[in-house]
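[1] pasting the structure only:
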Ligand code: GLP
């Protein structure tokens, strides 16, 4: 795992957008795992700008979203189908046939989860998985005690997650208590993971996820096992990390970050 500390949330978002755009330019058929939530909204805005202003082409890209609520239709304003369409997909040139989001209204949820896993495999697996970390420490909707080997399945949402997300529903009481989520095992199979976390309210959970002991109580700690995982945080979210100086040294000195150092120096990351 690598941790990159950026001075502001704008820098953090823009760095992740650059990483995605480079991968996509290198491999137009990129299979991208996508996340939802407040953290991702500025990232999608930046990618839309890159599409409109710099010709970033999504026409061959394939996407798999991490999760979806169970029991609300795709046109419900709280659903992740609605979120993804309105915050991202309708603004870019992605082929709708290449968009994958679990169907939370499937009659047989178990079969739907199995279908989703198989489809990821059919596409050769996820090349680049974008993630954030929820306040309960979840990735996707892998709530405390999720098995580190879990696959796409139905999961009950924790009280912390319900509290975190219910205000995103026009009527908070309508927030479903269950969701379909890729499993921790599914996420760990992605070729590369990039985790974006911003804001002071995430500083405790970021410190636990990155530097704390590996535990099923915090599914994000599983990312410590991943062979190629980069956590990008702003100063506020990284505030409680104990090895900040080391992480800064890595960004300042490792050759793989040299082009991004240059972007930062030229103020292109804001
Ligand atoms: C949500 C999603 C996660 C997301 C996380 C963070 O509930 N299931 O995929 O990364 O929680 O949300 P936010 O960015 O709003 O803090």
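    Looks like it arrived, so ask away. Keep in mind the model is a prediction, meaning the values are calculated, not measured. Numbers count the residues shown, from 1 in each chain.
[2] ok, which stretches of the stretch 1-150 of the chain are helices?
    9-26, 40-54, 80-87, 109-122 (DSSP state H, counting those that start in this stretch).
[3] enumerate the residues of the stretch 101-250 of the chain near the ligand.
    When proximity is defined as Cβ under 6 Å from any ligand atom, the stretch 101-250 of the chain approaches the ligand at 132, 134, 140, 141, 161, 165. In short, each C-beta sits where N, CA and C put it, glycine included.
[4] 5 Å - rerun?
    With Cβ under 5 Å from any ligand atom as the criterion, the stretch 101-250 of the chain meets the ligand at residues 132, 134, 141.
[5] want to try CSV for those residues, with neighbour count, distance to residue 61 and pLDDT as columns?
    Formatted as CSV, those follow (neighbours: other Cβ atoms under 10 Å; distance: Cβ to Cβ, whole Å; pLDDT from 0 to 100):
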residue, neighbour count, distance to residue 61, pLDDT
132, 22, 20, 98
134, 26, 25, 92
141, 26, 24, 97
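[6] and which of these is nearest residue 254?
    Checking these against residue 254 with Cβ to Cβ, the nearest one is residue 132 at 23.8 Å.
[7] OK, contacts around that closest one?
    35, 37, 39, 40, 139, 195, 196, 197 (Cβ atoms under 8 Å, 6 or more residues apart in numbering).
[8] quick check: pLDDT value at the nearest residue to it once chain neighbours are set aside.
    Computed as Cβ to Cβ, 6 or more residues apart in numbering, the closest residue to residue 132 that is not its neighbour in sequence is residue 39, at 4.2 Å. The model reports residue 39 with a pLDDT of 97.
[9] isn't residue 39 up against residue 206?
    No: taking contacts as Cβ atoms under 8 Å, residue 39 lies outside contact range of residue 206: 11.5 Å.
[10] okay, and the common contacts of those two?
    residue 197.
[11] now stretch 46-59: buried residues?
    Buried positions in stretch 46-59, judged by neighbour count with 16 or more other Cβ atoms under 10 Å: 46, 47, 48, 50, 51, 56, 57, 58.
[12] including distance to residue 83, could those residues go into CSV?
    Below are those laid out as CSV (distance: Cβ to Cβ, whole Å):
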residue, distance to residue 83
46, 17
47, 15
48, 14
50, 20
51, 18
56, 20
57, 23
58, 17
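[13] and which of the residues of the stretch 101-250 of the chain next to the ligand is nearest residue 84?
    Nearest to residue 84 among those: residue 132, at 14.4 Å, using Cβ to Cβ.
[14] distance of that closest one from residue 193?
    11 Å (Cβ to Cβ, to the nearest Å).
[15] minimum distance to the ligand, which residue of this protein gives it?
    residue 37 (2.6 Å; Cβ to the nearest ligand atom).
[16] hang on, that residue packs against residue 134?
    Yes: contact criterion Cβ under 8 Å: residue 37 and residue 134 qualify, at 7.2 Å.
[17] pLDDT-wise, which helix or strand of the chain ranks last?
    helix 258-265 (a mean of 91; mean pLDDT, DSSP states H and E).
[18] so which elements touch that one?
    helix 9-26, helix 244-253 (3 or more Cβ pairs under 8 Å, 6 or more residues apart in numbering; DSSP states H and E).
[19] deepest-packed of those helices, please.
    Across these, the average number of neighbours (mean count of other Cβ atoms under 10 Å) peaks for helix 9-26, which reaches a mean of 20.
[20] got the angle for that helix vs helix 40-54?
    The directions of helix 9-26 and helix 40-54 differ by 50 degrees, with axes from the mean of the first three to the mean of the last three Cα atoms, to 10 degrees as the criterion.
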